[in-house]
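Participant: sequence? don't have it. structure:
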């Protein structure tokens, strides 16, 4: 279905070398359209305290909409699965029984059940949703920048102590493309729940280490030939900006505190869950509270069983056993994040979006188990699964000043196709830019061939997901 009418990552593994700083500042800066960039910045020129922020909780592989936000208890058995629908504290809103914590805070979020695009594989689905382009090829890196990288570029401020964009970790298959790696997220790897967890390259407290870094940075003044070459490209001022923010981040005590989960009391950490996903969500809340604009939180890793994500094909594992294994962690982490966004007074400024690249096939498929992984049956056992399904994707939205406790759109009685208030990828992007204070219409960046590419090609803001909806 064509939705046009509607509508890897770099790791920080140690102290930044001189080469790292040069790469961070210089690569990909030659494609800037200055008038458009300045216009975009003027649209997002709030102060750090006033500017809006976004947390994207990403479910790599694509979560089943029937086992989360769009259950179909009246569908035939070959579609509905074994789980019941339960009421929530929002009138008329039902969700899957696997999400009781969500049910307690449903008056603080809105569910969109009618996102449609055409990306049937993980790369295509992610990149269509995050770039707005009709991507059909299977590429691990996008040809066009995702909306988080675009916003990072438009909002870049070298005087800030914290990066604009942090990935905990970054979203699979996304990236800055022709904007250059300088606009990729600052990526946090590792398990925030681990006692030894530490984010490298932030808030150096060792004065000798800081002094040595300062001396290395000062060497730039001696690179006269390099400066002349860079100035011929018109990139030196941009490099100075990136170098300045890198220095601010490395030497700021506030930066170290933002990443330090030990500053949270034990009860709060327990409430989110002492596990990878729970502590990633808690870290995201700390970061936006400290002034970070954009945070992605990816729910992958050992909690998910053999495949390490939400890709619930029968050949991977039993979709229903897998969901039972996974959802208690998911339910608790997301429910606590939503609760905190409101209880801590962040709900007007911060929006939380929870989604994967697509839903899953409503009709259950069956294949023989390999016997591998947490959620897989004994070898040879015929087990159920759900496959890729971009024709109906559910998304959760909380905060951002929107009206909550509502449902936008609907799918048919079996969950196969969106039939009401169909929303496309361009509509999603227009809505995200609207929340982030960016008017996308006049903004375009030149790609590698020199063509100006608009950041939104088509699509309209979803009115129910704006403060005035």
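Facilitator: Perfect, I can see it now. Not measured: the values here are computed from a predicted model.
Participant: gap between residue 453 and residue 445?
Facilitator: 6 Å (Cβ to Cβ, to the nearest Å). For every residue, glycine as well, the C-beta is placed using N, CA and C.
Participant: and these two? Which one has more around it.
Facilitator: Taking other Cβ atoms under 10 Å, residue 453 and residue 445 do not tie; residue 445 has more neighbours (23 against 19).
Participant: sec struct for the more buried one, please.
Facilitator: strand (DSSP: H, G, I helix; E, B strand; the rest coil).
Participant: from residue 153, how far out is it?
Facilitator: To residue 153, residue 445 is 8 Å away according to Cβ to Cβ.
Participant: common neighbours of these two, please.
Facilitator: 145, 179 (Cβ atoms under 8 Å, 6 or more residues apart in numbering).
Participant: got the contact list for the nearest residue to residue 364 once chain neighbours are set aside?
Facilitator: Nearest residue to residue 364, sequence neighbours excluded (Cβ to Cβ, 6 or more residues apart in numbering): residue 384, at 4.8 Å. Contact analysis of residue 384 by Cβ under 8 Å, 6+ apart lists 81, 314, 318-320, 364-366.
Participant: ok, 10 Å please
Facilitator: 78, 81-82, 312, 314, 317-322, 364-367, 377 (Cβ atoms under 10 Å, 6 or more residues apart in numbering).
Participant: what of residue 166?
Facilitator: Contacts of residue 166 (Cβ under 10 Å, 6+ apart): 152, 185-188, 199, 258-259, 283-284, 287-288, 292-297.
Participant: any stretches of this protein with poor pLDDT?
Facilitator: Across the chain, the ranges flagged by pLDDT under 70 are 1-50, 201-251, 305-306, 373, 468-469.
Participant: can you map out the helices along it?
Facilitator: Secondary structure of the chain by DSSP state H: the helices cover 18-26, 34-43, 77-80, 100-104, 122-131, 147-154, 207-218, 224-233, 236-251, 253-259, 266-272, 276-290, 319-343, 425-435.
Participant: and the angle from the last one to helix 147-154?
Facilitator: Which is helix 425-435. 40 degrees (axes from the mean of the first three to the mean of the last three Cα atoms, to 10 degrees).
Participant: could you say what helices and strands helix 425-435 packs with?
Facilitator: strand 53-58, strand 109-115, helix 122-131, helix 147-154, strand 350-355, strand 393-399 (3 or more Cβ pairs under 10 Å, 6 or more residues apart in numbering; DSSP states H and E).
Participant: swap the cut-off to 7 Å and go again
Facilitator: Using 3 or more Cβ pairs under 7 Å, 6 or more residues apart in numbering; DSSP states H and E, the elements in contact with helix 425-435 are helix 122-131, helix 147-154.
Participant: that helix versus strand 393-399: what angle between them?
Facilitator: Relative orientation of helix 425-435 versus strand 393-399 (the same axes, to 10 degrees): 10 degrees.
Participant: show residues contacting helix 425-435.
Facilitator: Residues from elsewhere that reach helix 425-435 (Cβ atoms under 7 Å, 6 or more residues apart in numbering): 3, 6-7, 52, 54, 115, 117, 128-129, 132, 147, 351, 400, 440, 456-462, 465-466.
Participant: over to the fifth one?
Facilitator: Identification of contacts with helix 122-131 by Cβ under 7 Å, 6+ apart yields 61-62, 117-119, 134-136, 138-140, 142, 144-147, 171-174, 357-358, 390, 425, 428.
Participant: tilt between that helix and strand 53-58?
Facilitator: 160 degrees.
Participant: what's the answer for the last one, then?
Facilitator: Comparing the axes of helix 425-435 and strand 53-58 via the same axes, to 10 degrees yields an angle of 150 degrees.
Participant: gap between residue 441 and residue 401?
Facilitator: From residue 441 to residue 401 the distance is 22 Å (Cβ to Cβ).
Participant: all strands of the stretch 351-469 of the chain, in order?
Facilitator: Assigned by DSSP state E, counting those that start in this stretch, the stretch 351-469 of the chain shows strands spanning 359-360, 365-368, 382-385, 388-389, 393-399, 407-408, 410-411, 418-420, 444-446, 452-454.
Participant: now for the second one, which elements pack on it?
Facilitator: Applying 3+ Cβ pairs under 7 Å, 6+ apart, one finds that strand 365-368 contacts strand 382-385.
Participant: give the buried residues for the strand it packs on.
Facilitator: By neighbour count with 16 or more other Cβ atoms under 10 Å, strand 382-385 contains the buried residues 383-385.
Participant: of the residues you listed, which is the nearest to residue 95?
Facilitator: Residue 95 lies nearest to residue 384 out of the buried residues of strand 382-385, by Cβ to Cβ, at 20.6 Å.
Participant: what distance do you get for that closest one to residue 141?
Facilitator: 33 Å.
Participant: what about residue 271, neighbour count?
Facilitator: 18.
Participant: number of nearby residues for the spatially closest residue to it that is not a sequence neighbour?
Facilitator: Computed as Cβ to Cβ, 6+ apart, the closest residue to residue 271 that is not its neighbour in sequence is residue 336, at 5.1 Å. Applying other Cβ under 10 Å, we find 23 other residues in the vicinity of residue 336.
Participant: over to residue 273?
Facilitator: Here the number of neighbours of residue 273 (other Cβ under 10 Å) works out to 23.
Participant: which ones are touching it?
Facilitator: Neighbouring residues of residue 273 by Cβ under 7 Å, 6+ apart: 329, 332-333.
Participant: now those residues in a markdown table, please, with extra columns for distance to residue 194 and neighbour count.
Facilitator: Converted to a markdown table, these look like this (distance: Cβ to Cβ, whole Å; neighbours: other Cβ atoms under 10 Å):
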| residue | distance to residue 194 | neighbour count |
| --- | --- | --- |
| 329 | 16 | 18 |
| 332 | 18 | 22 |
| 333 | 16 | 27 |
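Participant: appreciated, that's everything.
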